[in-house]
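**Q** Sequence and predicted structure below; questions after.
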Amino acid sequence: MLWALFIFFDVIITLDEAGVKKPSKLPFVLAMEELRSKPGEILFVGDSLKRDIKPAEKLGMKTLLIKKYEDLKKIEKKLKS
């Protein structure tokens, strides 16, 4: 199921790749650098309000909270907005 999501993303940064623990801002910064984008041009998708969404919003990223399978339908809609 999760592999099907990869078609929606240009960059995926894992905590293992970043070498830090949540809610470090380093994974967000790495994504911005790799995308050569500003925070407002990025949609960050996460499953934790505290550890994913809030840190991304503090940097100025658009965010989408995914808590259950049905929420996955929101990704395409959010990307089009």
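**A** Arrived safely.

**Q** and Arg51, that's in a strand?
**A** No - if the criterion is DSSP: H, G, I helix; E, B strand; the rest coil, then Arg51 is helix and not within a strand.

**Q** That one reaches Lys25, doesn't it?
**A** No - counting by C-beta atoms under 8 Å, Lys25 is not a contact partner of Arg51; they are 11.6 Å apart. No exception for glycine: its C-beta is placed from N, CA and C like everyone else's.

**Q** Show me what secondary structure element comes after the longest helix anywhere in the chain.
**A** Secondary structure of the chain per DSSP state H: the longest helix is helix 26-35. Next along the chain after helix 26-35, taking DSSP states H and E as the criterion, comes strand 43-46.

**Q** Please point out which parts of that following strand sit buried.
**A** 44-46 (16 or more other C-beta atoms under 10 Å).

**Q** Now that we have these, can you turn them into a markdown table and tack on distance to Leu59?
**A** Shown next, in a markdown table, are the buried residues of strand 43-46 (distance: C-beta to C-beta, whole Å):
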| residue | distance to Leu59 |
| --- | --- |
| Phe44 | 9 |
| Val45 | 14 |
| Gly46 | 13 |
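
**Q** of these, closest to Leu64?
**A** Closest to Leu64 out of these is Val45 (4.8 Å), distances taken as C-beta to C-beta.

**Q** ok, for that closest one, nearest residue in space, not its chain neighbours?
**A** Leu64 (4.8 Å; C-beta to C-beta, 6 or more residues apart in numbering).

**Q** So for the chain, the centremost residue is which one?
**A** The centroid of the chain falls nearest to Phe44 when counting by C-alpha atoms, centre = their mean (2.5 Å).

**Q** before we move on, which element is the nearest residue to Phe44 once chain neighbours are set aside in?
**A** Distance criterion C-beta to C-beta, 6+ apart; nearest residue to Phe44, sequence neighbours excluded, is Ala56 at 3.9 Å. Ala56 is part of helix 54-58, with elements assigned from DSSP H and E.

**Q** one step back: what's the separation between the residue nearest to Phe44 and Lys77?
**A** From Ala56 across to Lys77, the span is 18 Å (C-beta to C-beta, to the nearest Å).
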